[in-house]
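Enquirer: pasting the sequence and the predicted coordinates here, then a few questions.
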Amino acid sequence: MSFEVAISVIMSTHNRAHYLPDALRALAAQDCDVPFEVILIDNASTDDTAGVFQEWCQRDSRFRTAQEPRLGLSYGKNAGINLARAPLLLFSDDDMLVDRYWISSYHNCFARRKDELVLVGGPIIPTPHDLGKWPAWFEGSALADLGLLQYREERALENPEYVWGGNMAVPARLFDRFGLWDATVGRKGDQRGTFEDTEFQDRVRKEGVLVWFCPGATVYHRIHRQTVTPRQISSTAFNRGRNAVFENTLPIWHEVRLVPKRNAVIGLWALVSSLFWWCLWVMAFWLLKDKSCFNRARCAAFASGHSLDSLRAGRNSMRLFHGASRIAFPVRRLLLRLIPDHP
């Protein structure tokens, strides 16, 4: 590639050759006026990843590839950073399909930020792994329980708001100044639950770097259909409701006992009421298999989890919470058994 590039797109992959043609096709089809390159890192793959990459590099001069034998997403990303030629680095994953205006959205966002020291991310929207339609019982609002990331408006994010590593734009100078991705916490192979992206954001935030959200830089994250079941979504909704109680308050109050206390009677009534509605809508869905019934059941699951954990806030003693848990958790187990565990 003889011309100077303004943006380097970095994708590291391990044993997902079956996903790569769609992901690379979306990158090649970008509607973008600025010159960019795509750096493809084969991270210790044993499938046909190398062959797919070579074919694309021969077809499109904007694509380059290299191998990183040390297994780990952070190792792969760091290898891409070391090869990148541009001042702005964009990161995507092998199971992501980027929107047609993905690169231009990031370019325009940084043009508006100019000399500000920022790290930017965009929306991540779950989509079926085969790119087909969701099941008939599934409603779009349930994407919140499949890993939807959507802050909607362009703005600086506050802790604990994060963007995700599968859709992120980072000026190269941030890596020069604060170091590369931490390979000790990065995902390795098929492992999940590692947070190299949040660790890096925490690291740069401590030095005054803003984490910004760009709503136009959308990617679609492939979710395997077998994991999208009414039972799994309902369980996630309940847990998400529990987490939501302290999501925004703990960074302010730091301890659960310091969070403003909810009236015990009101809190217990809210829990009993939400559990009742959860039961009602689960039975309606069990009988009718109706989309609206499931969505109401999912919302009631969220409300049940939220009402339960709200009984912890502002209290030194956990007796009220533990007493309510003796009712809530058995009801939850029963309802999850009644909800289908197939797509």
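Expert: Cool, got the structure.
Enquirer: only C-alpha atoms from now on, for both contacts and neighbour counts.
Expert: Fine.
Enquirer: helix or strand next in line after the helix ranked longest in the chain, which one?
Expert: For the chain, the helix with the greatest residue count under DSSP state H is helix 264-288. Proceeding N to C from helix 264-288, the next assigned helix or strand is helix 291-310, under DSSP states H and E.
Enquirer: helices and strands of the chain: which one has the lowest mean pLDDT?
Expert: The weakest-scoring helix or strand in the chain, judged by mean pLDDT, DSSP states H and E, is helix 250-253 (a mean of 67).
Enquirer: follow-up on the earlier one: what residues sit buried inside the longest helix of the chain?
Expert: Buried residues in helix 264-288, defined by neighbour count with 16 or more other Cα atoms under 10 Å: 267-268, 270-275, 277-285.
Enquirer: for stretch 81-99, same thing?
Expert: So for stretch 81-99, counting by 16+ other Cα under 10 Å, buried means 81, 84-86, 88-99.
Enquirer: which residues touch it?
Expert: 4-13, 16, 19-20, 22-23, 26-27, 30, 36, 39, 165-173, 217-222 (Cα atoms under 8 Å, 6 or more residues apart in numbering).
Enquirer: just the buried ones from the residues you listed?
Expert: 5, 7-13, 19-20, 23, 26-27, 30, 36, 39, 165-172, 217-222.
Enquirer: returning to that earlier point: now intersect the contacts of stretch 81-99 with the strands, please.
Expert: Taking DSSP state E as the definition of strands, the contacts of stretch 81-99 contribute 7-13, 36, 39, 167-171, 219-222.
Enquirer: and the end-to-end length of stretch 39-47?
Expert: End-to-end distance for stretch 39-47: 19 Å, by Cα to Cα, to the nearest Å.
Enquirer: list the buried residues for it?
Expert: Quick answer for stretch 39-47 (16+ other Cα under 10 Å): 39, 40, 41, 42, 43, 44, 45.
Enquirer: same check on stretch 323-339?
Expert: 324, 325, 328, 331, 332, 335, 336, 339.
Enquirer: pick out the most distant pair among these.
Expert: 324 and 339 (22.6 Å; Cα to Cα).
Enquirer: thinking again about what came up before, same list, the buried residues of stretch 39-47, but as TSV with secondary structure please.
Expert: Formatted as TSV, these follow (DSSP: H, G, I helix; E, B strand; the rest coil):
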residue	secondary structure
39	strand
40	strand
41	strand
42	strand
43	strand
44	coil
45	coil
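Enquirer: closest to residue 246 out of those residues?
Expert: Closest to residue 246, out of all of the buried residues of stretch 39-47 and judged by Cα to Cα, is residue 43, at 37.5 Å.
Enquirer: report the contact partners of the closest one.
Expert: Counting by Cα under 8 Å, 6+ apart, residue 43 has contacts 12, 13, 14, 67, 68, 69, 70, 71, 72, 73, 75, 76.
Enquirer: swap in 6 Å and give it another go.
Expert: Shown in contact with residue 43 (Cα atoms under 6 Å, 6 or more residues apart in numbering): 13, 14, 68, 69, 71, 76.
Enquirer: show me what the longest helix of the chain packs onto, helices and strands only.
Expert: helix 291-310 (3 or more Cα pairs under 6 Å, 6 or more residues apart in numbering; DSSP states H and E).
Enquirer: grab the nearest non-local neighbour of residue 126.
Expert: Ranked by Cα to Cα, 6 or more residues apart in numbering and with sequence neighbours excluded, the top spatial neighbour of residue 126 is residue 221, at 4.6 Å.
Enquirer: again, but for residue 172
Expert: Closest to residue 172 by Cα to Cα, 6+ apart is residue 87, at 5.2 Å.
Enquirer: show the pLDDT at that neighbour.
Expert: As predicted, residue 87 sits at a pLDDT of 96.
Enquirer: what's the answer for residue 321, then?
Expert: Taking residue 321 on its own, its pLDDT is 92.
Enquirer: what does the helix or strand where it lies rub up against?
Expert: According to DSSP H and E, residue 321 maps onto helix 319-338. Identification of contacts with helix 319-338 by Cα under 6 Å, 6+ apart yields 231, 311, 312.
Enquirer: if we use 8 Å, what do you get?
Expert: Contacts for helix 319-338 (Cα under 8 Å, 6+ apart): 231, 234-235, 268, 275, 279, 282, 286, 304, 308-309, 311-312.
Enquirer: now those residues as JSON lines including distance to residue 241 and pLDDT?
Expert: Output for the contacts of helix 319-338, formatted as JSON lines (distance: Cα to Cα, whole Å; pLDDT from 0 to 100):
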{"residue": "231", "distance to residue 241": "15", "pLDDT": "97"}
{"residue": "234", "distance to residue 241": "11", "pLDDT": "97"}
{"residue": "235", "distance to residue 241": "10", "pLDDT": "97"}
{"residue": "268", "distance to residue 241": "16", "pLDDT": "96"}
{"residue": "275", "distance to residue 241": "13", "pLDDT": "98"}
{"residue": "279", "distance to residue 241": "17", "pLDDT": "97"}
{"residue": "282", "distance to residue 241": "17", "pLDDT": "97"}
{"residue": "286", "distance to residue 241": "22", "pLDDT": "92"}
{"residue": "304", "distance to residue 241": "7", "pLDDT": "98"}
{"residue": "308", "distance to residue 241": "9", "pLDDT": "95"}
{"residue": "309", "distance to residue 241": "8", "pLDDT": "91"}
{"residue": "311", "distance to residue 241": "13", "pLDDT": "92"}
{"residue": "312", "distance to residue 241": "13", "pLDDT": "87"}
